[in-house]
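Need coordinates for the following:
(4 chains)
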2 protein chains.
Amino acid sequence: MSQTVDRALSILPLLAEGPADLGQVADRLGVHKSTALRLLRTLHEHGLVYRQSDQRYRLGARLFALAQQAVENLDVREIAHPHLVRLNEECGHTVHLAVYEEGEVLYIDKVDSRYPVRMYSRIGKPVAITVAAVAKLLLADLPEPELRAVAEKLDYPLYTARSTPNAAAFLKELAVVRGQGWATDLGGHEESINCVAAPVRGADGRVVAAMSVSAPNVVVTSDELLTLLPLVRRTADAITREYSGNPPAKDSA
Amino acid sequence: MSQTVDRALSILPLLAEGPADLGQVADRLGVHKSTALRLLRTLHEHGLVYRQSDQRYRLGARLFALAQQAVENLDVREIAHPHLVRLNEECGHTVHLAVYEEGEVLYIDKVDSRYPVRMYSRIGKPVAITVAAVAKLLLADLPEPELRAVAEKLDYPLYTARSTPNAAAFLKELAVVRGQGWATDLGGHEESINCVAAPVRGADGRVVAAMSVSAPNVVVTSDELLTLLPLVRRTADAITREYSGNPPAKDSA
DNA sequence: CCAGTCGTTGCATTGTGTGCAACGACCGTT
DNA sequence: AACGGTCGTTGCACACAATGCAACGACTGG
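Residues are numbered from 1 along each chain as shown, chains lettered A, B, ... in the order given. Okay, here's the model as predicted:
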């Protein structure tokens, strides 16, 4: 809509691929060097890009601060956090909280396993949307047409032999998940890691977030992990109750 | 430099404070609603803002992905990571890696303590720059004039009785740190938490990052923590050697 | 010492962002 | 059910701000 802003913002994903100098940026934007310079300067003033010692540009520190503040403003997360901690204390495994947003599912909170073996994940990291238990719950709640559109645009990478292979299989799985109100990922992302997940709902019954417990095979078998399902669902329900129950004062200011 | 982009980017920190509707954004930018709308639309197209169900705007998911990719592109981090993990295995405490960037110090990697008591920190969270051990190391290496400028622009919040109270005390502390080549934070940020830190240097000898080990009093006393100093320094030196030693192929493409 | 590259600046042009005003949807009120 | 109010949205004419150009200066390698 706004050409100038559009160009400026296009620089960010470009730099996300790695540092680039002025000429490269100008070329890839298809604009004159002087134009690229001014855009980069503006981005720089806002701390979104950083000029490293060899004069090339990189993404800047402010991005972290913004992402940080963004995640802290999610009220679901705030309410859920103590519950996640308690669940972690009770079962010892890694606990995740995730939300859906415009075609992506992302972790917004995490409490690490107390076992030495940990799975790799990071808050803000996009979730393997076709296999993760939390993603299934979040997508299963989408309105039918949107779901269909999303499901067909997705890639279905075969992380393991048990990964969801295609849109048809995915939609079928989502139907099951929708019916039972919980989801699993049994080795669909990493061969040796299993997850069980349950949804958090808003006052209107729509799924606003999903939480999961993940553990590697070497710690507990998938069957053992499934025995935690009632506990996970109870925790998710507790969050749901608190989240939809007493809506906090809208705007204190 | 570019008014339009400047305005658009000003929306981000504004939304970081919390969700806002079109009118609020327009007011705080001092522009007409229609202008704000177009800017928000452009930001939206790039995924930097998200329109939640009540039509208000929030920071968007793409920010996470960008921050994520930004941190992954830092080669110091990549090289340092296995060393941090090993150090954590050896001492059991929380290990941090931080860099300095234009007046800010921020954590770019972290390995959690294996003890149940953990300190709160998060990758990307801005560091308490006047007290953190890693911040002292990073600032101590700045050129004198820049250091002076930064030190005087800083706030010196009194987190605890042992926090650095003002610029003079800070500069004095930095001189000590510069001389000894390592730094501590003994209860300067949180009363019960101590840290020891050592610098990672580039091929030219300049400090490019700093790493620290942090532990609460209830686990080890500050004296006990100081006995880890040689180990921390050895680890930092190992990273330095690898980082400055064999420079990896600049551009594979 | 010179040729080549890269970042930077001032300037004239026009394209692009801007504010305005009018519209339509939605909500709570009487 | 009709009304006033608020809020997001759109089309348009104008003016300003973003653009590309060309020239300059710093730096590098031959």
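
From here on, just use CA atoms for contacts and neighbour counts.
Will do.

Distance from the chain centre to the one helix or strand residue A:244 maps to, please.
Residue A:244 belongs to helix A:229-245 when assigned by DSSP states H and E. On the basis of Cα atoms, centre = their mean, to the nearest Å, helix A:229-245 is displaced by 20 Å from the centre of the chain it belongs to.

buried stuff in it?
Using 16 or more other Cα atoms under 10 Å in any protein chain shown as the test for burial, helix A:229-245 gives A:229, A:232-233, A:235-237, A:239-240, A:242-244.

Kindly reformat those as a markdown table containing pLDDT and distance to residue B:175.
Listed next are the buried residues of helix A:229-245 as a markdown table, based on pLDDT from 0 to 100; distance: Cα to Cα, whole Å:
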| residue | pLDDT | distance to residue B:175 |
| --- | --- | --- |
| A:229 | 96 | 56 |
| A:232 | 97 | 53 |
| A:233 | 97 | 55 |
| A:235 | 96 | 52 |
| A:236 | 96 | 52 |
| A:237 | 95 | 55 |
| A:239 | 94 | 50 |
| A:240 | 93 | 53 |
| A:242 | 89 | 51 |
| A:243 | 85 | 51 |
| A:244 | 79 | 54 |
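
Tabulate these in JSON lines, adding columns for distance to residue B:71.
Shown next, in JSON lines, are the buried residues of helix A:229-245 (distance: Cα to Cα, whole Å):
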{"residue": "A:229", "distance to residue B:71": "35"}
{"residue": "A:232", "distance to residue B:71": "32"}
{"residue": "A:233", "distance to residue B:71": "34"}
{"residue": "A:235", "distance to residue B:71": "33"}
{"residue": "A:236", "distance to residue B:71": "32"}
{"residue": "A:237", "distance to residue B:71": "35"}
{"residue": "A:239", "distance to residue B:71": "32"}
{"residue": "A:240", "distance to residue B:71": "33"}
{"residue": "A:242", "distance to residue B:71": "35"}
{"residue": "A:243", "distance to residue B:71": "33"}
{"residue": "A:244", "distance to residue B:71": "36"}
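
and which of those is nearest DNA strand C?
Among these, residue A:244 lies closest to DNA strand C (Cα to the nearest atom of the strand), at 18.0 Å.

The closest one contacts residue A:206, doesn't it?
No - contact criterion Cα atoms under 8 Å: residue A:244 and residue A:206 do not qualify, at 10.4 Å.

Find residues that contact each of those two.
Here residue A:244 and residue A:206 have no joint contacts, going by Cα atoms under 8 Å, 6 or more residues apart in numbering or on different chains.

Who are the packing partners of the helix holding residue A:244?
With contacts defined as 3 or more Cα pairs under 8 Å, 6 or more residues apart in numbering or on different chains; DSSP states H and E, helix A:229-245 has these neighbours: helix A:75-91, strand A:193-201, strand A:207-216.

Could you list every helix and strand that the shortest one packs against?
Taking 3+ Cα pairs under 8 Å, 6+ apart as the contact definition, the neighbouring helices and strands of strand A:193-201 are helix A:133-140, strand A:183-186, strand A:207-216, helix A:222-226, helix A:229-245.

among the buried residues of helix A:229-245, which two are most distant?
Largest separation among the buried residues of helix A:229-245 by Cα to Cα: A:229 and A:244, giving 22.0 Å.

re the thing from before, would you mind giving the helices and strands packed on helix A:229-245 as a markdown table with mean neighbour count and mean pLDDT added?
As requested, the helices and strands packed on helix A:229-245 are exported to a markdown table (neighbours: other Cα atoms under 10 Å in any protein chain shown; pLDDT from 0 to 100):
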| stretch | mean neighbour count | mean pLDDT |
| --- | --- | --- |
| helix A:75-91 | 17 | 91 |
| strand A:193-201 | 26 | 95 |
| strand A:207-216 | 26 | 94 |
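
how about those, which one is nearest DNA strand C?
Of the helices and strands packed on helix A:229-245, nearest to DNA strand C by Cα to the nearest atom of the strand is strand A:207-216, at 19.8 Å.

rewinding a little: between the helix holding residue A:244 and strand A:193-201, how many degrees?
With axes from the mean of the first three to the mean of the last three Cα atoms, to 10 degrees as the basis, helix A:229-245 and strand A:193-201 are set at 30 degrees to each other.

And the closest residue to residue A:159 other than its chain neighbours, how close does it get to residue A:130?
Of all residues not flanking residue A:159 in the chain, residue A:189 sits nearest, at 5.4 Å (Cα to Cα, 6 or more residues apart in numbering or on different chains). As for residue A:189, its distance to residue A:130 is 9 Å (criterion: Cα to Cα, to the nearest Å).

Could you check how many residues crowd around the residue nearest to residue A:85 when sequence neighbours are not counted?
Spatially, and ignoring its direct neighbours in sequence, residue A:85 is nearest to residue A:111 (6.4 Å; Cα to Cα, 6+ apart). Here the number of neighbours of residue A:111 (other Cα atoms under 10 Å in any protein chain shown) works out to 19.

need the contact list for residue A:111.
Residue A:111 makes contacts with A:84-85, A:88, A:94-96, as judged by Cα under 8 Å, 6+ apart.

Look up phi and psi at it.
The phi/psi pair for residue A:111 (degrees, to the nearest 10) reads phi -120, psi 120.

so who does residue A:5 touch?
Contacts for residue A:5 (Cα under 8 Å, 6+ apart) come out as B:4-5, B:8, B:39, B:42-43.

Write out the residues of chain A neighbouring DNA strand D.
Proximity of chain A to DNA strand D (Cα under 7 Å from any atom of the strand) is limited to residues A:3-4, A:7, A:30-32, A:34-35, A:38-39.
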